[in-house]
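# Whatever this is, show me its structure:
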Amino acid sequence: MKKYISLNLILFIVFLAGTILTIFIIYKDIDTSLSFKFIIGYVIYLLLYGLFSLFLVIANTRKLNWIQIRKRFFTFIIWFISLSALHYLLSYFLRREMDVWDLGIPLGVSFGLAFSDLMSWKKKEH
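Numbers count the residues shown, from 1 in each chain. Purely as a prediction, here's the structure:
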């Protein structure tokens, strides 16, 4: 189990370091070929890390029983509806038009809130 925890920890530390370096590169407006290649590599890493996290959620969801899956799904739906409504109300009061792509943030946050504990390897129970 320690091997899997250390893998998740290493991947998260690389994510955190890459985020800090990317913010620094963008903030200081460093325009070199190396910085451009780093940011492209970081975006590719983000996509792969997201796919890995999605794989972990799917693999760990298969181990749950139907009642636990249904509870998480309803939690996801409730969070998504409430965050989307909040986002729509804020957009309405700030006189900003709402687009279909604006629902991506409530979708991601609600997915993270409902399934975040499944994004790590768990020890098999006998």
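
# Three-state assignment for Ile30, please.
Under the three-state scheme (DSSP: H, G, I helix; E, B strand; the rest coil), the conformation of Ile30 reads as coil.

# Apart from its chain neighbours, what residue comes closest to it?
Phe24 (7.9 Å; CB to CB, 6 or more residues apart in numbering). Where you see a C-beta, it was placed from the backbone N, CA and C, and this is true even at glycine.

# all helices for the protein, in order.
With DSSP state H, the ranges of helices along the chain come out as 2-27, 33-61, 66-93, 104-115.

# What residues sit buried inside the second one?
In this case it means helix 33-61. Judged by neighbour count (16 or more other CB atoms under 10 Å), helix 33-61 contains these buried residues: 35, 38-39, 42, 53, 56-57, 60.

# swap in the third one?
For helix 66-93, burial by neighbour count (16+ other CB under 10 Å) applies to 72, 76, 79-80, 83-84, 87.

# Point out where the protein drops to low pLDDT.
Low-confidence segments of the chain, defined by pLDDT under 70: 1-6, 98, 100, 121-126.

# close enough to count as contact, Phe52 and Leu11?
Yes. At 7.1 Å, Phe52 and Leu11 qualify as touching, with contact defined as CB atoms under 8 Å.

# Next, work out how far apart Asn60 and Ile69 are.
Counting by CB to CB, to the nearest Å, the gap between Asn60 and Ile69 amounts to 11 Å.

# swap that for Leu83, please
According to CB to CB, Leu83 and Ile69 sit 21 Å apart.

# Could you do Arg62 as well?
9 Å.

# Any chance of JSON lines for the buried residues of helix 33-61, columns distance to Ala114?
As requested, the buried residues of helix 33-61 are exported to JSON lines (distance: CB to CB, whole Å):
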{"residue": "Ser35", "distance to Ala114": "36"}
{"residue": "Phe38", "distance to Ala114": "33"}
{"residue": "Ile39", "distance to Ala114": "31"}
{"residue": "Tyr42", "distance to Ala114": "27"}
{"residue": "Ser53", "distance to Ala114": "13"}
{"residue": "Leu56", "distance to Ala114": "14"}
{"residue": "Val57", "distance to Ala114": "10"}
{"residue": "Asn60", "distance to Ala114": "13"}
